[in-house]
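1. sequence-free structure coming up:
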């Protein structure tokens with residue numbers, strides 16, 4: 001029986017890294033799902049058009065909150081990307097699957113069962129988890145790595161801003177669970193890539209490029225088979241943004257707060273804000289910036305518990321990739 005959670009999978013002729021790409025952990029974020037379909041189609045076309053084309057390892061695309069995706073919602077009962085604490089996962093996995101009644105508990109169980117099955121069957125020496133997301137605001141691509149240094153090193157090879165501090169502020173994300181502590185028998189690295197606004201066509205292109213750059217960085221695709229357009233796209237869309245930035249403030253909300261960003265100004269990711277600037281309103285009145293910085297992920301949807309974040313440039317030296325334009329390309 002075909003697993004409807006599997007968007008697709010492709011394997012090179014030689015063993016190599018296992019890249020598991022998660023899409024639609026939030027159901028109303030379709031770009032990652034569409035990007036994976038595009039990547040798998042592009043791989044098939046490369047094999048058809050270029051007999052020499054090959055790569056090492058395996059790429060698997062897994063769909064996240066399928067029920068929420070069908071309804072165009074972020075989640076049904078609980079935010080699936082706030083449930084991945086070790087204690088919560090242990091509790092869910094200890095129960096019989098048929099006894100689970102809340103949608104996101106079922107989704108979590110099926111996702112983890114699927115991931116574990118691929119690890120068991122492929123027995124990778126290196127496992128990479130790439131969690132694809134989009135935001136309600138326009139503007140800016142970025143990466144959030146797990147706390148392990150090897151995640152930052154991988155992120156540096158995908159040409160997008162790297163943001164730190166979010167895992168200390170938000171709990172229960174994919175990145176909190178998919179790490180060496182919970183997967184001690186495999187070399188695991190996890191990063192989250194934010195591709196842009198939910199329904200922006202560019203977000204699909206960004207997600208495609210992130211998948212390709214990530215798999216090339218860990219030794220899957222050969223560099224000579226990758227178009228420079230992926231790095232060039234990210235360099236263009238990251239122009240003027242910090243190479244690395246730190247979270248300095250987060251505004252968390254509850255549904256009864258009636259939170260709304262100000263109506264007379266639409267903020268984009270990485271827009272500069274200043275201390276005292278009016279940003280939003282809620283049931284208690286005006287919400288003004290407590291510090292200077294760059295605003296990130298202002299909330300322009302009903303569901304969600306994060307009103308906005310503020311980050312600052314930390315000016316770390318993030319080296320850029322240096323290589324020549326290849327003569328053959330993966331035409332994705």
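-> It's in. Everything numeric here is computed off the predicted structure, so don't read it as measured data. Numbering: from 1, shown residues only.
2. flag the helix or strand of this structure with the lowest per-element mean pLDDT.
-> The helix or strand of the chain with the poorest confidence is helix 229-237; it has a mean of 85 (mean pLDDT, DSSP states H and E).
3. which helices and strands sit right next to it?
-> In terms of contacts (3 or more C-beta pairs under 8 Å, 6 or more residues apart in numbering; DSSP states H and E), helix 229-237 is packed against helix 201-217. Just so you know, the C-beta spots here come from the backbone N, C-alpha and C atoms, and that holds for glycine as well.
4. how far does the helix it packs on sit from its chain's centre?
-> 11 Å (C-alpha atoms, centre = their mean, to the nearest Å).
5. measure how buried the nearest residue to residue 164 once chain neighbours are set aside is and give me the count.
-> Nearest non-adjacent residue to residue 164, counting by C-beta to C-beta, 6 or more residues apart in numbering: residue 246, 5.1 Å away. By the criterion of other C-beta atoms under 10 Å, residue 246 has 15 neighbours.
6. beyond the strand or helix carrying residue 246, next helix or strand please.
-> Using DSSP states H and E, residue 246 sits in strand 244-252. Where DSSP H and E defines the elements, the next helix or strand beyond strand 244-252 is strand 260-261.
7. ok, and what's touching that following strand?
-> Applying C-beta atoms under 8 Å, 6 or more residues apart in numbering, the external contacts of strand 260-261 come out as 267, 279, 280, 281, 282, 298, 299, 300, 307, 308.
8. would you check which pair of those lies furthest apart?
-> Maximum pairwise distance among those (C-beta to C-beta): 15.9 Å, between 267 and 282.
9. of those two, which one has the most company?
-> A direct count of neighbours by other C-beta under 10 Å for residue 267 and residue 282 places residue 267 higher, at 20 against 16.
10. give me the pLDDT for the more buried one.
-> On pLDDT, residue 267 comes in at 97.
11. next up, the contacts around the nearest residue to it once chain neighbours are set aside.
-> Sequence neighbours aside, residue 298 is the residue nearest to residue 267 in space, at 4.5 Å (criterion: C-beta to C-beta, 6+ apart). Listed by C-beta under 8 Å, 6+ apart, the contact set of residue 298 reads 136, 137, 261, 267, 269, 279, 280, 307, 308.
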